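Chemist: Can you look at this prediction? I've put the sequence above it.
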Amino acid sequence: MSLRALLEARLLPVILVAAIVIVLPLFFPSAYYYRIGALVFISALAVVGLNLLMGFAGQVSLGHAGFLGIGAYSVAIGPVQFGAPSWLCLFVGAILSGAVAFAVGRPILKLKGHYLAVATLGFGLLVAIVLTNEAGWTGGPDGMNVPALMLFGLRVHGSDVWYWIAGATFVGGFLLALNLMESPTGRALQAIHDSEIAARVLGIDVARKKLTIFIISAMYASVAGSFLALFNGLITPDVAGFLGSIELVAMVVLGGMGSIFGSLVGAAVLVVLPQVLTVFHEYEQALLGLIVMVFMIFLRQGIVPSIAAVLNGWRK
Amino acid sequence: MMILEADRLAITFGGVRAIDGVSISIPSGQVFSIIGPNGSGKTTLINLVSGIYTPQDGSIRLAGDTVTGLAPDQLARRGLSRTFQNLQIFSRMSVLENVMVGRHRHERTGILADLLHWPSVGRQNEATREAAHTALARVGLADVAERPAGSLDYGALKRLEIARALASEPMVLLLDEPAAGCNPVETQEIDRVIRSILKEGITVVLVEHDMRLVMNISDRVHVLARGRTLAEGTPEQVRSNAEVIEAYLGVHGSQEAAHALD
């Protein structure tokens, strides 16, 4: 295969992202950086899912942390209450999230724009309230401890191990998303974003496609939530809270709506930046807000699409 | 054989009978035009027939099957497609991708296969791309296939919508004012495209204001006025119909009116 063919290959972005995952640790001065890296990839996984829904299909969700919460509490409640293995609970959580997305999505995906936004917001709040109130199962507002993941009889612990697990899973999720966008389903979703009516007269069942992508994006969030819980070893209802949902949306928009690579960039910026800004103590939050505003003012399509547009301009 | 029949269709919007007992019978393989003054209900009729509105009264048959009340996507899968008067382009996608979406009803889609990029998905993508290129070539847009759809000019977008609908290989194609806003050269191009569509046996239903185009190309012309049928016949019959001339221009027996319909 010639270099050119390789560069034009469909899988190039995946190879690139895998290379980032592998090479990044060479620059890590301490184990702490593995922890941040793992958090970036876990967040980015959820963001890729949400980007499929928002950036490609054009359907907003302000309650996506609800699915993060379902995934997180699945790997907490399953092992603690039923003695089920964590990895099994992760899959069960993803299926449960998909089922909840199916049930919730059927009525609310008929709504458009702001109405859909408020309906999904309600869903997220609902999950957070249930997790807070069902203290007998969830430990209530104080949360609960999450037993460590056991794989092949070994206890998974350590930021470096989680870095590799999260990185590899992210690359997998990235590949699936990329595949989806280059398929009939992906084209149909992008068509729905621009004109539902035109999509319909070309034979696309719009309601069904929206539901499909809502379920898929819920499952992405659920897996990310499970990882987050297993990685932290402790989980509180905050994981499903409104701020979590808003953070996911901000990551999608900041990285670039409809840019799957942008999902990684958006997640990286909003996970790493607060860490960097801690040196400014009480001004941390204000600076974070300011920087995000500046990003959006100067890179209004999101970081990746805006930079890509500039580079394309230069090439001509 | 009648490919598309509508029987006494009626729909009311806010107390106004937008379409009031209109019946049409469209023979297979012909150009059937619907004309009428602004507000006469042409687009409403097209919206009823393509499933965007559900008629409050009357029935619709497509290729002999009753399809009244079916959704636009269900009708599309039965072979009825359309374009829009106010463009409905997928502007974030490339020109080629727009037309690839038109192939949707001929594609096998399985969510698992699509996520995992089964080899069949790759092969199907190639076939879809090929068919989309062919459809673009037919409307003269082959050389802009890779451009973002949003970057084309108005006349080209009109033809892009036709290519997209053609890619779905319909039995019946409804064209809602394909020449609106087009210059004479672009209108000529639309005329050529419609004639090439006919050669494939596709029935064309044309809603159009450009009388020269309508009179040149139509087998039958149906005239609407205030939601009702005013007249129907060959272009010659319609052109010489006194009622049509009057309704169309609101001028009694004026020479100018007769000229306008020529």
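Modeler: Thanks, I have it. Remember, predicted model here, so these are calculated numbers, not experimental data.
Chemist: Regarding the closest residue to residue A:261 other than its chain neighbours, what is its secondary structure?
Modeler: Distance criterion C-beta to C-beta, 6 or more residues apart in numbering or on different chains; nearest residue to residue A:261, sequence neighbours excluded, is residue A:304 at 5.5 Å. Just so you know, the C-beta spots here come from the backbone N, C-alpha and C atoms, and that holds for glycine as well. Assigned state for residue A:304: helix (three-state reduction, DSSP: H, G, I helix; E, B strand; the rest coil).
Chemist: Can you tell me what sits against stretch B:217-234?
Modeler: Stretch B:217-234 is touched from outside by B:16-24, B:26-27, B:30-37, B:39-42, B:44-45, B:191, B:194-195, B:206, B:214-215, B:235, B:237-238, B:241, B:243-244, B:247-248, with contacts defined as C-beta atoms under 8 Å, 6 or more residues apart in numbering or on different chains.
Chemist: On the pLDDT front, check residue A:202 for me.
Modeler: Listed pLDDT for residue A:202 reads 96.
Chemist: does it really touch residue B:106, like I thought?
Modeler: No. Using C-beta atoms under 8 Å, residue A:202 makes no contact with residue B:106, being 10.6 Å away.
Chemist: any shared contact partners between the two?
Modeler: By C-beta under 8 Å, 6+ apart, residue A:202 and residue B:106 have these common neighbours: residue B:168.
Chemist: the more surrounded of the two?
Modeler: The neighbour count for residue A:202 versus residue B:106, taken as other C-beta atoms under 10 Å in any protein chain shown, is higher for residue A:202 (29 against 16).
Chemist: If you count contacts, what does the longest helix seen in chain B end up packed against?
Modeler: Scanning chain B for the longest helix, with DSSP state H as the assignment, gives helix B:119-138. Helices and strands touching helix B:119-138, by 3 or more C-beta pairs under 8 Å, 6 or more residues apart in numbering or on different chains; DSSP states H and E, are helix A:184-194, helix B:95-102, helix B:111-116, helix B:154-167.
Chemist: Pull out the buried residues from it.
Modeler: Neighbour-count burial for helix B:119-138, counted by 16 or more other C-beta atoms under 10 Å in any protein chain shown, picks out B:121, B:124-125, B:128-129, B:131-133, B:135-136, B:138.
Chemist: Counting neighbours, what do you get for the closest residue to residue A:62 other than its chain neighbours?
Modeler: Distances taken as C-beta to C-beta, 6+ apart put residue A:121 closest to residue A:62, at 4.1 Å, once the chain neighbours are dropped. Using other C-beta under 10 Å, residue A:121 has 18 neighbouring residues.
Chemist: I'd like the helices and strands packed on helix B:119-138 written out as CSV, with mean pLDDT and distance to residue A:206 added.
Modeler: CSV is the format used below for the helices and strands packed on helix B:119-138 (pLDDT from 0 to 100; distance: least, C-beta to C-beta, whole Å):
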stretch, mean pLDDT, distance to residue A:206
helix A:184-194, 96, 6
helix B:95-102, 97, 12
helix B:111-116, 93, 15
helix B:154-167, 94, 16
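Chemist: for those helices, which one ends up most surrounded?
Modeler: Of those, the one with the most neighbours on average (mean count of other C-beta atoms under 10 Å in any protein chain shown) is helix B:95-102, at a mean of 27.
Chemist: Need the contact partners of stretch B:5-23.
Modeler: Counting by C-beta under 8 Å, 6+ apart, B:24-26, B:41, B:44-45, B:48-49, B:53, B:55-61, B:224, B:226-229 sit against stretch B:5-23.
Chemist: what's the weakest-modelled helix or strand in chain A?
Modeler: Within chain A, no helix or strand scores below helix A:3-7, which has a mean of 55 by mean pLDDT, DSSP states H and E.
Chemist: Contacts only, for the closest residue to residue A:135 other than its chain neighbours.
Modeler: Distance criterion C-beta to C-beta, 6+ apart; nearest residue to residue A:135, sequence neighbours excluded, is residue A:141 at 7.9 Å. By C-beta under 8 Å, 6+ apart, residue A:141 lies in contact with A:132, A:135, A:236-237.
Chemist: ok so, going back, so the residue nearest to residue A:62: helix, strand or coil?
Modeler: Going by three-state DSSP: residue A:121 is helix.
Chemist: Please name the strands paired to the helix or strand residue B:60 falls within in the sheet, noting orientation.
Modeler: Using DSSP states H and E, residue B:60 sits within strand B:57-62. Using DSSP bridges, the strands paired with strand B:57-62 are strand B:2-13 (antiparallel), strand B:65-66 (antiparallel).
Chemist: Spit out the contact partners of the residue minimising distance to the centre of chain A.
Modeler: Central residue of chain A (C-alpha atoms, centre = their mean): residue A:46, 1.2 Å from the mean position. Going by C-beta under 8 Å, 6+ apart, residue A:46 touches A:64, A:68, A:220-221, A:224-225, A:248.
Chemist: So how do I select the buried members of the contacts of stretch B:217-234 in PyMOL?
Modeler: Remark: buried members of those, expressed as a PyMOL selection using 16+ other C-beta under 10 Å:
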select buried, chain B and resi 18+19+20+22+24+26+31+32+33+34+35+36+37+40+41+42+44+45+191+194+206+214+215+235+238+241+244+247+248
